[in-house]
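1. What follows is a predicted protein model with its sequence.
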Amino acid sequence: MKSLQEDIKNQDFKKVYLLCGEEDYLKKQYKEKLKNALVPDGDTMNFSIFEGKKTEPRAVIDLGETMPFFGGKKSDISGGYRIFKNQCQDLPEYLGELPEYLCMVFVESEVDKRSRMYKAVKKYGRIVEFGQQDSNTIMRWVLGILNREGRKITRSDMELFLTKTGTDMGNIERELEKLLCYTMGREVITKEDIEAVCTTQISNHIFDMIRAMTEKNQNKALELYYDLLALKEPPMRILFLIARQFNLIMQVKELAAEGHDQSSIGKKTGLQPFVVRNYMTYARKYTTEALREAVEECVSTEAKVKNRNHDRYHECRTSSGENSADEKNSRTDDGQSG
């Protein structure tokens, strides 16, 4: 990311860029920064954007061959059409012959690092991967926004906020905007403010269900389950997420038993360190065997439901076939009697 920042700052651009990784917010931000740095405000004639799986690489090449209007730089921004996963013949070769006036920017969620396109961009340009940010980076980013707005928040309330929002920076920004509007006129953001306006992610609803199960609070667990159904979450997905949460708790328990600290467990499981602390609390309430049994029970239930649905499907097909045969025989009998 620092190399890309330097390119923009010094106006010294590579011929081609690939912005990839799971953090969509950062990809969008740097796509805009590149666009603004490459193309002056309001210049729509020297800027093209391609999106969608049906975009043909040949169309990108043909437009790239068009000279820029009034001289200067020309940029094409492309994304979402799988050329970094599928084999693409023409475009990788073209990247080695890009004219001086052209800069190509590819924005992709998924890439195959073995593909010709990936290797070509690596050879002729710059690849910037925007991965999920760690909790300290996200906290500093949120605090920077709050400071600019003249707001304050305690660390524990910050952790509550991020527990609710998850680590997706786009979602954090949206929830933060709601929080700033709700607390307008006040300096300090409190736990009560966060609980009042911030939407809890689906995965956190599931964790709250696990908490209720652990505390043997059946009514609370059912209430949360019905909340998820009201949010249009399919029951099978809820079951999958419950299994995933129990599996994560089991992983945390096993890693803690091996002597790993919160930070190390976070890196191995993909959880933020402050979230690991919550998992460790519940890991202590279960044996490893009990957690394994919970995961296996979820998997077994899922298999039973799928088999039942499969049997019902074939019953319906068989019944439909019999009805069709009866109708056909009936029509035949009517014809003969006529």
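-> Done, it's in.
2. all strands of the stretch 1-150 of the chain, in order?
-> Assigned strands in the stretch 1-150 of the chain, in chain order: 16-20, 47-51, 74-79, 102-108, 126-129 (criterion: DSSP state E, counting those that start in this stretch).
3. Let's have these in JSON lines, adding distance to Asn307, mean pLDDT and mean neighbour count.
-> Where C-beta positions appear, they are placed from N, C-alpha and C, glycine not excepted. Formatted as JSON lines, the entries for the strands of the stretch 1-150 of the chain read as follows, by distance: least, C-beta to C-beta, whole Å; pLDDT from 0 to 100; neighbours: other C-beta atoms under 10 Å:
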{"stretch": "strand 16-20", "distance to Asn307": "39", "mean pLDDT": "91", "mean neighbour count": "24"}
{"stretch": "strand 47-51", "distance to Asn307": "41", "mean pLDDT": "68", "mean neighbour count": "15"}
{"stretch": "strand 74-79", "distance to Asn307": "41", "mean pLDDT": "60", "mean neighbour count": "22"}
{"stretch": "strand 102-108", "distance to Asn307": "38", "mean pLDDT": "86", "mean neighbour count": "23"}
{"stretch": "strand 126-129", "distance to Asn307": "41", "mean pLDDT": "94", "mean neighbour count": "18"}
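4. With distance to Ile206 as new columns, can the ones you listed be given to me in TSV?
-> As requested, the strands of the stretch 1-150 of the chain are arranged in TSV below (distance: least, C-beta to C-beta, whole Å):
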stretch	distance to Ile206
strand 16-20	29
strand 47-51	33
strand 74-79	31
strand 102-108	30
strand 126-129	29
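5. where does the stretch 1-150 of the chain dip in pLDDT?
-> Scanning the stretch 1-150 of the chain for pLDDT under 70 picks out 40-47, 51-55, 66-82, 86-88.
6. Helices of that one, start to end?
-> Secondary structure of the stretch 1-150 of the chain, counting by DSSP state H, counting those that start in this stretch: helices at 2-10, 24-38, 57-64, 90-95, 116-124, 135-148.
7. Any chance of JSON lines for these, columns mean neighbour count and distance to Ser203?
-> Compiled in JSON lines, the helices of the stretch 1-150 of the chain are given as follows (neighbours: other C-beta atoms under 10 Å; distance: least, C-beta to C-beta, whole Å):
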{"stretch": "helix 2-10", "mean neighbour count": "12", "distance to Ser203": "31"}
{"stretch": "helix 24-38", "mean neighbour count": "17", "distance to Ser203": "17"}
{"stretch": "helix 57-64", "mean neighbour count": "16", "distance to Ser203": "37"}
{"stretch": "helix 90-95", "mean neighbour count": "18", "distance to Ser203": "38"}
{"stretch": "helix 116-124", "mean neighbour count": "18", "distance to Ser203": "31"}
{"stretch": "helix 135-148", "mean neighbour count": "14", "distance to Ser203": "16"}
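8. Kindly state which of the ones you listed is positioned closest to Met209.
-> For Met209, the closest of these is helix 135-148, at 23.5 Å, according to C-beta to C-beta.
9. For the closest one, output the C-alpha coordinates as PDB.
-> Listed in PDB are the C-alpha atoms of helix 135-148, where the atom choice follows Å, rounded to 0.1, in the frame of the first residue of the first chain:
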ATOM      1  CA  SER A 135      -7.900  -4.500  15.200                       C
ATOM      2  CA  ASN A 136      -5.300  -1.900  16.100                       C
ATOM      3  CA  THR A 137      -5.300  -0.500  12.600                       C
ATOM      4  CA  ILE A 138      -9.100  -0.300  12.500                       C
ATOM      5  CA  MET A 139      -9.200   1.300  16.000                       C
ATOM      6  CA  ARG A 140      -6.700   4.000  14.900                       C
ATOM      7  CA  TRP A 141      -8.700   4.600  11.800                       C
ATOM      8  CA  VAL A 142     -12.000   5.000  13.700                       C
ATOM      9  CA  LEU A 143     -10.300   7.200  16.400                       C
ATOM     10  CA  GLY A 144      -9.000   9.400  13.600                       C
ATOM     11  CA  ILE A 145     -12.500   9.900  12.300                       C
ATOM     12  CA  LEU A 146     -13.900  10.600  15.800                       C
ATOM     13  CA  ASN A 147     -11.100  13.100  16.500                       C
ATOM     14  CA  ARG A 148     -11.800  15.000  13.300                       C
END
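10. That helix vs helix 24-38, what angle?
-> Per axes from the mean of the first three to the mean of the last three C-alpha atoms, to 10 degrees, the angle that helix 135-148 makes with helix 24-38 is 60 degrees.
11. list the helices and strands the very next helix or strand once past helix 135-148 packs on?
-> Next along the chain after helix 135-148, taking DSSP states H and E as the criterion, comes helix 155-165. The contact analysis (3 or more C-beta pairs under 8 Å, 6 or more residues apart in numbering; DSSP states H and E) places helix 155-165 against helix 135-148, helix 169-182, helix 191-197, helix 273-283.
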